[in-house]
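Trainee: Need coordinates for the below:
(one chain, ligands or ions: 1)
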Amino acid sequence: MYKSISLKKALLAITLPAALLTGCEQKRPAAETETSTNQPADTTAQTADSTGRKFMNKPLISEIYTADPSAHVFNGRIYIYPSHDIEAGIPQNDNGDHFAMRDYHILSMDSINGKVTDHGVALDVKDIPWAGRQLWAPDAAFKNGTYYLYFPVKDKQDIFRIGVATSKSPTGPFKAQPQPIANSYSMDPAVFTDTDGTSYMYFGGIWGGQLQRWSSGKYNPKDEYPADDQPALTPKVAKLSQNMLEFAEPVKNVQILGKDGKPLLAKENDKRFFEAAWLHKYNGKYYFSYSTGDTHNIAYAIGDSPYGPFTYQGIILNPVLGWTNHHSIVQVKDKWYLFYHDTELSKGQTHLRNVKVTELTHRPDGTIETITAYQE
Ligand code: FUB
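Mentor: Coordinates of the predicted model:
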């Protein structure tokens, strides 16, 4: 039953160049419901989706729409760096133009069940000198007394780049650097700082994220995807420089291997990388997690180095209400948590999402228990 709901959501894809999948032109249908404003119309959280399944967790805030939550603990407080979804009145299309976010708000709380504070606008697209449009999924890091906000946005040529902004406060306001990070491209940056203090940025996203336009190392406006039986497009990684503002090395591919030791194939779209990279370290192992996009899973793979290769393990989070699935994983005291989003507040409008949190369990063998974000 839920499978068919998921497929329906697939037709609402943010970034569906469907002709590439089927060889013929397809159009997305209109949004499921007509009601949409920049604030959730109904701040009383729905408790079930349209099939009657009850949500396991409540939205963290209901005053604004939020998505793509990157959570961190800084100085003992939990900070969430989400996208700020809005209804911009832009019709849905295959490039995800309706995801027209214009600023970031940072959320914080002193404990997982504590009161959530919205700290207001931390960075506005109008204050990023090189930016064109669409502030998508951000992340943050702290080093040497400075907080760094990493963000993807299309430049004035409509090419996704990754920028960085700095602040002395985890909640901003952040000041953007005058140019994007040199040699950055595509979207969904996630910054992991290893126990030795070295920081790495993982990034990339296919379809609307434009990763398929960079196979040659240079931007090619034509989408080029591998054939079904070829290795899938890989996410990217680069070590960050000490000042956290630049790549310290050329961008590398992140290999995700099947249990047979071979790269996942393009046709394995229930497993292969699509977008929403995240890296956490547990018991000395590196866990690379990500969204499978058009199959709506949050999947993970484990490796022995921050560069990988990572071996595919399974699903962390089953599909949620809404097309996109995007998460972060963070330790708070002695427990681990998964921050994620769904579209409970907007009743399924794929571009109006709300962030949530739930506990995540590593089993004794290091694998992660799969989460279904509905009550059993
Ligand atoms: O929020 C815009 C895009 O939707 C993100 O960058 C993707 O990861 C997906 O969640």
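
Trainee: mind listing the helices for the chain?
Mentor: Using DSSP state H, the helices found in the chain span residues 2-10, 18-22.

Trainee: low-confidence ranges in the chain?
Mentor: 1-46 (pLDDT under 70).

Trainee: For it, what lies in contact range of the ligand?
Mentor: Listed as neighbours of the ligand in the chain under the rule Cβ under 6 Å from any ligand atom: 14, 67-68, 83, 99, 136-137, 187-188, 205, 275-276, 324, 326. C-beta here means a position set from N, CA and C on the backbone, and glycine is covered the same way.

Trainee: residues contacting residue 117?
Mentor: 107, 108, 109 (Cβ atoms under 8 Å, 6 or more residues apart in numbering).

Trainee: How much space separates it from residue 105?
Mentor: 10 Å (Cβ to Cβ, to the nearest Å).

Trainee: what does residue 332 give?
Mentor: 21 Å.

Trainee: And for residue 327?
Mentor: Counting by Cβ to Cβ - residue 327 and residue 105 are separated by 19 Å.

Trainee: With residue 299 instead?
Mentor: For residue 299 relative to residue 105 (Cβ to Cβ), the value is 28 Å.

Trainee: Compare the two (neighbour count), which wins?
Mentor: residue 299 (24 against 21; other Cβ atoms under 10 Å).

Trainee: Tell me who's in contact with the more buried one.
Mentor: Per Cβ under 8 Å, 6+ apart, neighbours of residue 299: 271, 289, 290, 291, 292, 312, 313, 314, 315, 316.

Trainee: what pairs with it across the strands?
Mentor: Judged by DSSP bridges, the bridge partners of residue 299 are residue 290, residue 315.

Trainee: And for residue 231?
Mentor: Assigned bridge partners for residue 231, using DSSP bridges, are residue 265.

Trainee: That one contacts residue 268, doesn't it?
Mentor: No - checked against Cβ atoms under 8 Å, the pair residue 231 and residue 268 is beyond contact range at 9.9 Å.

Trainee: I'd say residue 241 and residue 247 touch.
Mentor: Yes - counting by Cβ under 8 Å, residue 241 touches residue 247, with 7.1 Å between them.

Trainee: higher neighbour count, those two?
Mentor: residue 247 (19 against 13).

Trainee: Leaving out chain neighbours, which residue sits closest to the more buried one?
Mentor: Using Cβ to Cβ, 6 or more residues apart in numbering and skipping residues adjacent in sequence, the residue nearest residue 247 is residue 238, 4.1 Å away.

Trainee: Spit out the contact partners of that neighbour.
Mentor: Contacts of residue 238 (Cβ under 8 Å, 6+ apart): 183, 200, 201, 247, 248, 249, 250, 251, 252.

Trainee: Residue 169 now?
Mentor: residue 147.

Trainee: likewise residue 272?
Mentor: Here residue 272 is in contact with 232, 233, 256, 264, 265, 266, 292 (Cβ under 8 Å, 6+ apart).
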